[in-house]
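Enquirer: Output the structure for:
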Amino acid sequence: TKKKAEDGDPEAMCDLGDWYYAGCNGLHQDYKQAYVWASKATALNHVPGMANKGMMLYRGRGVDEDKVAGAALLVMAACNDHPFACYFLGHEYYYGISGLPQDHKLAKYWLRK
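Expert: Numbering: from 1, shown residues only. A predicted model of the protein is given here:
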């Protein structure tokens, strides 16, 4: 996977980032490396990479927290039907958190997408 990621495969980049994030498959947990690989996948318009980078920005994992940029990437991923990104938006709208208004209709839309 590392070789594929280094050769420009966005799916492998995302996988490698996930492994660094979780500290699995022989890698030590390293949020900064996870962010680097998610960023590389995002630069290639890889939707799961967008969701991962968005969440890391949103939570400040491996990078300074930036909720606005993180939420923007999560919205882009959700608009491309990424399951976690859709769940995230549905959750935030349901509870009216993260600067979003409480809106059960929008929550239902994203949670069913």
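Enquirer: what about the chain, any weak spots by pLDDT?
Expert: Across the chain, nothing is flagged by pLDDT under 70.
Enquirer: show me where it has helices.
Expert: 2-6, 10-22, 31-43, 47-59, 67-79, 83-95, 104-112 (DSSP state H).
Enquirer: Need the winner for burial among the ones you listed.
Expert: Among those, helix 47-59 has the highest mean neighbour count (mean count of other Cβ atoms under 10 Å), at a mean of 24. Quick note: C-beta positions are derived from backbone N, CA and C, even for glycine.
Enquirer: C-alpha coordinates for that one, PDB please?
Expert: Extracted in PDB, the C-alpha atoms of helix 47-59 (Å, rounded to 0.1, in the frame of the first residue of the first chain):
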ATOM      1  CA  VAL A  47     -14.000  11.600  -1.800                       C
ATOM      2  CA  PRO A  48     -13.000   9.400   1.200                       C
ATOM      3  CA  GLY A  49      -9.800  11.400   1.400                       C
ATOM      4  CA  MET A  50     -11.900  14.600   1.600                       C
ATOM      5  CA  ALA A  51     -13.900  13.200   4.400                       C
ATOM      6  CA  ASN A  52     -10.900  12.100   6.300                       C
ATOM      7  CA  LYS A  53      -9.000  15.400   5.900                       C
ATOM      8  CA  GLY A  54     -12.200  17.300   6.800                       C
ATOM      9  CA  MET A  55     -12.600  15.400  10.000                       C
ATOM     10  CA  MET A  56      -9.000  15.900  11.000                       C
ATOM     11  CA  LEU A  57      -9.200  19.600  10.300                       C
ATOM     12  CA  TYR A  58     -12.500  19.800  12.200                       C
ATOM     13  CA  ARG A  59     -11.100  18.000  15.200                       C
END
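Enquirer: angle of that helix against helix 10-22?
Expert: Angle of helix 47-59 versus helix 10-22, following axes from the mean of the first three to the mean of the last three Cα atoms, to 10 degrees, is 30 degrees.
Enquirer: how far off helix 83-95 does helix 47-59 point, in degrees?
Expert: Using the same axes, to 10 degrees: helix 47-59 against helix 83-95 is 40 degrees.
Enquirer: what's helix 47-59 packed up against?
Expert: Using 3 or more Cβ pairs under 8 Å, 6 or more residues apart in numbering; DSSP states H and E, the elements in contact with helix 47-59 are helix 10-22, helix 31-43, helix 67-79, helix 83-95.
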